[in-house]
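J.: No sequence on hand, only this structure:
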């Protein structure tokens, strides 16, 4: 069965709109009576039947629904890479694995100051549907490091190229809390940024013995959090 | 410092050839006396100085070298995806993280019967150099499932879409051994393939609560093995 996204499901909206309607009507050519899954991206997964199809929208009636909650929360802050494909790839993979939010982070040495935000959101929606999940990660546009560093989370980490041998993330993760991790640009964080993070109680961690690209580091961190909760 | 690849370092070959020579001479324009790193992809990491540069090759003299060994071994068997970019991406990421070998596996439901083998090898060499490692994973061209399934490894797993609730890979990994894992096509293994694997002592495992694409499953397995040894 095909899964569709309707973020306002809990407000009683039982209509597919925009790209979702287009996909249902023009691509899949769904008809009255066809069965679908619909999620709001916030934990609701509904079974539904199509009740009305017109040119640009498609109504459905929910027959059954379940609501999931997550016992932990992964917030990823990443300095975007020069090559924007790598960020799109990261959004897709981190969504499949179960990230809660991804924020593009503007650091002093960030290789890119702008991103194609709409495209990242589309990647996240596509990956959520493809992996048949009911959680859509929040994707946030470019945000300054200084703004991010002051925020509060249950556990806060800063991934650091392993010079001073910090602890491996794996060994510090407590299960069932809110995580946040900062992943720097290829040229790494500046010393001033690291100092500011430490002042704000972000803990330096290593992600392993090999040198990872920005997007690989971000995915490794996501998976380390997920495995600590498995 | 730039890292170069010379697979016959241990046979006393102290010459950059082919693409490696081209990169040194034409792209980086290295000169006599310039310092480089050279690896054989089998654990040797050498410091060297350029001693001779001509049109198509570039000699060096090793000044210092270290040999690493790995305490575990990860062998990945993957049914290639329809989109070949996804396999190239997997080779890059799995190399960064530390896979030992990647074999393209022909299953009954494989979406692709041929791969651009040379391109995958290039991706592996590029990723090894980029992540400054001294191990190049072996990349093997399309091999039949029936041939792979009879092989012996320390621990053998078959990743299975979680219907019968098998154990999570994470909970079964013993540290410091040879691992092998079979990752099926999007349409999954056939029942006959699963039966044959079980007869040959491959253990069914889950890779997590979400449905992962083939390449995401393969990377998740790789990272799970690495983290169990961290």
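T.: Yep, it's here. Just so you know, these numbers come straight off a predicted model, no measurement behind them.
J.: just checking, residue A:207 touches residue A:220?
T.: Yes: Residue A:207 lies in contact with residue A:220 (CB atoms under 8 Å); the separation is 4.9 Å. C-beta: built from backbone N, CA, C; applies to glycine.
J.: Mind pulling up the pLDDT for the residue nearest the centre of chain A?
T.: The C-alpha lying nearest the average C-alpha coordinate of chain A belongs to residue A:137 (CA atoms, centre = their mean; 3.6 Å). With respect to pLDDT, residue A:137 scores 98.
J.: Next: residue A:113.
T.: pLDDT, read off for residue A:113, is 87.
J.: Shouldn't it be within a helix?
T.: No: counting by DSSP: H, G, I helix; E, B strand; the rest coil, residue A:113 is located in no helix; its state is coil.
J.: Tell me who's in contact with it.
T.: By CB atoms under 8 Å, 6 or more residues apart in numbering or on different chains, the residues touching residue A:113 are A:106, A:142.
J.: ok, so what distance separates it from chain B?
T.: 24 Å (CB to the nearest CB, to the nearest Å).
J.: swap in residue A:31?
T.: For residue A:31 relative to chain B (CB to the nearest CB), the value is 26 Å.
J.: ok, now how distant is residue A:185 from residue A:87?
T.: Using CB to CB, to the nearest Å, residue A:185 is found at 12 Å from residue A:87.
J.: Now for the two: what residues contact both?
T.: residue A:81.
J.: Have a look at those two and say which one is more surrounded.
T.: Taking other CB atoms under 10 Å in any protein chain shown, residue A:185 and residue A:87 do not tie; residue A:87 has more neighbours (25 against 21).
J.: Can you tell me the SS state at that one?
T.: Residue A:87 - assigned by three-state DSSP - is helix.
J.: ditto for the one 5 residues further on
T.: Here residue A:92 takes the helix state, with states given by three-state DSSP.
J.: residues in contact with residue A:120?
T.: Per CB under 8 Å, 6+ apart, neighbours of residue A:120: A:87, A:88, A:91, A:102, A:104, A:139.
J.: Out of the residues you listed, grab the one that's most surrounded.
T.: Busiest of the contacts of residue A:120 [other CB under 10 Å] is residue A:91, holding 27 neighbours.
J.: Would you mind stating the distance between it and chain B?
T.: Counting by CB to the nearest CB, the gap from residue A:91 to chain B is 13 Å.
J.: Residues of chain A that sit close to chain B?
T.: Residues of chain A that fall close to chain B, judged by CB under 8 Å from any CB of the partner chain: A:89, A:93, A:96-98, A:130-133, A:168, A:170, A:208-213, A:216, A:219-220, A:223-224, A:226-227, A:230.
J.: hey, where'd the helices end up in chain A?
T.: With DSSP state H, the ranges of helices along chain A come out as A:18-22, A:84-97, A:117-130, A:145-149, A:191-199, A:214-228.
J.: Which of those has the highest mean neighbour count?
T.: helix A:214-228 (a mean of 25; mean count of other CB atoms under 10 Å in any protein chain shown).
J.: Tell me how far that one lies from the chain's centre.
T.: 12 Å (CA atoms, centre = their mean, to the nearest Å).
J.: Now do that helix and helix A:84-97, the angle between them.
T.: 10 degrees (axes from the mean of the first three to the mean of the last three CA atoms, to 10 degrees).
J.: Now do helix A:214-228 and helix B:117-130, the angle between them.
T.: 90 degrees.
J.: Please name every helix or strand in contact with helix A:214-228.
T.: If you count contacts as 3 or more CB pairs under 8 Å, 6 or more residues apart in numbering or on different chains; DSSP states H and E, helix A:214-228 packs onto strand A:73-78, helix A:84-97, strand A:155-159, strand A:178-183, helix B:84-97, helix B:214-228.
J.: Can you give the distance from the first one to the centre of its chain?
T.: Relative to the chain's own centre, strand A:73-78 is displaced by 8 Å; criterion: CA atoms, centre = their mean.
J.: and residue A:140, what is it in contact with?
T.: When contacts are counted by CB under 8 Å, 6+ apart, residue A:140 is found next to A:101, A:102, A:103, A:104.
J.: and if you look at residue A:128?
T.: Per CB under 8 Å, 6+ apart, neighbours of residue A:128: A:5, A:39, A:41, A:95, A:134, A:135, A:136, A:137.
J.: rerun that using 7 Å as the cut-off
T.: By CB atoms under 7 Å, 6 or more residues apart in numbering or on different chains, the contact set of residue A:128 is A:41, A:95, A:135, A:136.
J.: Next, give me the two most distant ones among those.
T.: A:41 and A:95 (10.3 Å; CB to CB).
J.: Take the contacts of residue A:140 and keep only those in strands.
T.: Among the contacts of residue A:140, the members falling in strands (DSSP state E) are A:101, A:102, A:103, A:104.
J.: Pairing partners for the last one in the sheet, please.
T.: Just to be clear, that refers to residue A:104. Listed by DSSP bridges, the beta-bridge partners for residue A:104 are residue A:78.
J.: That one against residue A:139, yeah?
T.: No: Residue A:104 is beyond contact range of residue A:139, at 8.2 Å (criterion: CB atoms under 7 Å).
J.: Sketch out the low-pLDDT regions of chain A for me.
T.: Within chain A, the stretches with pLDDT under 70 are A:161-165.
J.: rewinding a little: make CSV out of the helices of chain A and add distance to residue B:57.
T.: Shown next, in CSV, are the helices of chain A (distance: least, CB to CB, whole Å):
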stretch, distance to residue B:57
helix A:18-22, 54
helix A:84-97, 33
helix A:117-130, 44
helix A:145-149, 46
helix A:191-199, 41
helix A:214-228, 33
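J.: among those, which is nearest residue A:56?
T.: For residue A:56, the closest of the helices of chain A is helix A:18-22, at 6.0 Å, according to CB to CB.
J.: What is the end-to-end distance of stretch A:183-196?
T.: End-to-end distance for stretch A:183-196: 15 Å, by CA to CA, to the nearest Å.
J.: whoops, stretch A:20-38 was the one
T.: The first and final residues of stretch A:20-38 sit 10 Å from each other (CA to CA).
J.: Can you give the contact residues for that stretch?
T.: Contacts for stretch A:20-38 (CB under 7 Å, 6+ apart): A:1-6, A:9, A:16, A:45-53, A:56-58, A:60.
J.: Likewise for stretch A:71-81?
T.: Outside stretch A:71-81, the residues touching it (CB under 7 Å, 6+ apart) are A:87, A:90, A:94, A:98-105, A:107, A:110-112, A:115, A:148, A:153, A:175-185, A:214-215, A:218, A:221-222, A:225, A:229.
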